[in-house]
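J.: here's my sequence, what's the structure:
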Amino acid sequence: METTYEFTLPKGYMDAAGELHRKGRMRLATAGDEISATRDPRVLANPSYLTIVILSKVITGIDGLDSITATTIEKLFTADLAYLQDMYQRINDVEPPVMRCVCPDCGKTFEVPLNFTQEG
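T.: Numbering: from 1, shown residues only. Sure, this is the predicted structure:
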C-alpha cells in the first residue's frame, strides 16, 4: 500500500527570497493527525483553520524548504491550497461509505450511503 504521494503545486510556494517551490510529498493521514488538529488552539478559535493544521501535519516536504508549518500552508496561493485539499481528500478516500443493495421487487442494484453516527 502506498502511503506517501508526490505532488506538483499549480502555482508554487514563494519563499521570502521570491523563489518558487512546487514539488512536494504528502503522506496518508492518521487518526492521531485529525484528533490532534481538532485540539489545536488555532482550530478551537477558528474551525476554518482545521485544513491548515492538518495539511501542515501530512505534507512531509516541499523541495527546498527545511520544514512545513501551518505558517507555510497559510502562505500558499489559494489555487495551491485547493489543489492540496483535493489531494488530501482523494488519497485518504474521504468519501462516505456506501452499501450496494438490490431491490427485492425489481432486481435493480443501487447504493445506499451508510451513516454510522445516526441511530435507527
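
J.: any idea which residue sits dead centre in this protein?
T.: Tyr88 (2.8 Å; Cα atoms, centre = their mean).

J.: secondary structure class of the residue of the chain positioned farthest from its centre, three-state.
T.: Relative to the centre of the chain, and counting by Cα atoms, centre = their mean, the farthest-placed residue is Asp105 at 41.0 Å. State at Asp105, reduced to three classes by DSSP: H, G, I helix; E, B strand; the rest coil: coil.

J.: which elements pack onto the longest strand seen in the chain?
T.: Longest strand in the chain by number of residues (criterion: DSSP state E): strand 4-14. Helices and strands touching strand 4-14, by 3 or more Cβ pairs under 8 Å, 6 or more residues apart in numbering; DSSP states H and E, are strand 20-27, strand 59-62, helix 78-91. For the C-beta atoms, the positions are set from N, CA and C on the backbone; glycine is no exception.

J.: ok, that strand: who's next to it in the sheet?
T.: strand 20-27 (antiparallel) (DSSP bridges).

J.: could you list the low-pLDDT ranges of the chain?
T.: 94-96, 115-120 (pLDDT under 70).

J.: change it to 90
T.: Applying pLDDT under 90 to the chain flags residues 1-2, 93-101, 103, 110-120.

J.: neighbours of Asp15, how many?
T.: 14 (other Cβ atoms under 10 Å).

J.: that one and Gly64, how far apart?
T.: Distance of Asp15 to Gly64, given as Cβ to Cβ, to the nearest Å: 7 Å.

J.: shared neighbours of the two, anything?
T.: His21 (Cβ atoms under 8 Å, 6 or more residues apart in numbering).
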